[in-house]
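[1] Show me the folded form of this:
(one chain, ligands or ions: 1)
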Amino acid sequence: MPIDMKSGDSLILFYHRIAQGVDDPYKLCVTPARFAAQLDEISRYGEPSTLAELSVPSLRPRIVVTFDDGYADNLINAVPIAEAKGVPITIFVTSGVLGRDSGFWWDRLSTLLRSRPSSISEITLPVSQGTVRIRLGSASRRRDLQSVRRHLLALPVTEIHRVLDAVSEQWGTSAAPPIDARPLTPSEFVQLTNSEMVTIGAHTVDHVRLRGLPAGEQKGNIVSSKEELERLSGQAILHFAYPFGGQDSFDDHSVDAVRSAGFETACTTIPGNARPMADPHRLPRRMVKNWSRLHFRLALGRWRLVPHH
Ligand SMILES: [Zn+2]
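    Residues are numbered from 1 along each chain as shown. So this is what the prediction gives:
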């Protein structure tokens, strides 16, 4: 089948977790079978590539597979499939969360809301500027998660964990993340670096929302994550992804810090194809969902990476 050659676009895809049969309120999981089918489609319609290869001309559209955050299931479920299919993947790891039992705060929040006692109809967040009360509906945990998450997002990460500890104590329930949502341990991280199909990228120390923080603080967090991952892996870490990654999650200071730290590329989550002249430190990406082979192929078509009829 001919490929649309006009655009010269590349495509950077992003995933978070490869897992099956787990609680997934944020819709971040793709099942192993669907991931395998998606990698087949990538090889069929494009040139599976690394971020470093983006600047090298290709006859077929380059497609780069990336993962954000550093979940253990990336090593356990995604890497064997990527190796079997011969598709390189880049994993952006949150360095300070490696091996942390508390995991990612949004996963703790999900546990907390799931274990909410039925007598409780609002959540009281003791944030530093005062107390925030949010009514919780009984129908949709997903909606509850979104409204609480929105309030927490603006806070420093250590404060978010403190607030979740406080609510967990108030309610007398657990706020431990689900075991399947655990981050990589340091030794799993080292295993990951041993795979020839894997490139490691940085994703800050603590998954901080960079935008608006003082330039020095941003730089410190970005540089520390790079240095820690380089120390653990013994490799140069040359690629970065902005946590959350939307327009509202990083600013010009973040981009300057990433560039001056020596990263060759930096990925956002701003949707788009990577044009040949794209700024390498503001690369757009496309999020992949738990789509069947056909739906994934349709998405490639929407993104103009396969021919239109
Ligand atoms: Zn992330």
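
[2] what ranges do the strands span in the stretch 201-309 of the chain?
    Assigned strands in the stretch 201-309 of the chain, in chain order: 239-241, 265-271, 283-287 (criterion: DSSP state E, counting those that start in this stretch).

[3] deepest of these, which one?
    By mean neighbour count, with neighbours taken as mean count of other C-beta atoms under 10 Å, strand 239-241 ranks first of those at a mean of 27. To be clear about C-beta, it is placed using only N, CA and C from the backbone, and glycine gets the same treatment.

[4] before we move on, the earlier item: make TSV from the strands of the stretch 201-309 of the chain and add mean pLDDT and distance to Val30 to it.
    Output for the strands of the stretch 201-309 of the chain, formatted as TSV (pLDDT from 0 to 100; distance: least, C-beta to C-beta, whole Å):
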stretch	mean pLDDT	distance to Val30
strand 239-241	98	18
strand 265-271	98	16
strand 283-287	98	10
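
[5] Could you point out which of these sits nearest the ion?
    The minimum distance between the ion and these falls on strand 239-241, with 6.8 Å, by C-beta to the ion.

[6] In the sheet, which residues pair with the closest residue to the ion within the chain? Tell me.
    Residue of the chain nearest the ion, by C-beta to the ion: Asp68 (3.9 Å). Residues in a beta bridge with Asp68, per DSSP bridges, are Phe92.

[7] what's the burial count for it?
    28 (other C-beta atoms under 10 Å).

[8] OK, contacts around it?
    By C-beta atoms under 8 Å, 6 or more residues apart in numbering, the residues touching Asp68 are 14-16, 92, 203, 241, 245.

[9] Now Ala36: closest residue in space, sequence neighbours ignored.
    Ile81 (5.0 Å; C-beta to C-beta, 6 or more residues apart in numbering).

[10] contacting residues around that neighbour?
    18, 32, 35-36, 39.

[11] State the mean pLDDT of stretch 82-97.
    For stretch 82-97, mean pLDDT is 98.

[12] and stretch 77-94, how far from the chain's centre?
    14 Å (C-alpha atoms, centre = their mean, to the nearest Å).

[13] Can you show me the CA trace of it as CSV?
    The C-alpha coordinates for stretch 77-94 follow below in CSV (Å, rounded to 0.1, in the frame of the first residue of the first chain):
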residue,chain,number,x,y,z
ASN,A,77,4.8,-6.1,29.7
ALA,A,78,5.9,-3.5,27.1
VAL,A,79,9.6,-4.4,26.6
PRO,A,80,9.2,-8.1,25.7
ILE,A,81,6.6,-7.1,23.1
ALA,A,82,8.8,-4.3,21.7
GLU,A,83,11.7,-6.7,21.5
ALA,A,84,9.7,-9.4,19.8
LYS,A,85,8.4,-6.9,17.2
GLY,A,86,11.7,-5.0,16.8
VAL,A,87,10.2,-1.6,17.6
PRO,A,88,12.4,0.7,19.6
ILE,A,89,10.7,2.5,22.6
THR,A,90,11.7,5.5,24.7
ILE,A,91,10.7,5.5,28.3
PHE,A,92,10.7,8.8,30.2
VAL,A,93,11.4,8.0,33.8
THR,A,94,10.5,10.1,36.9
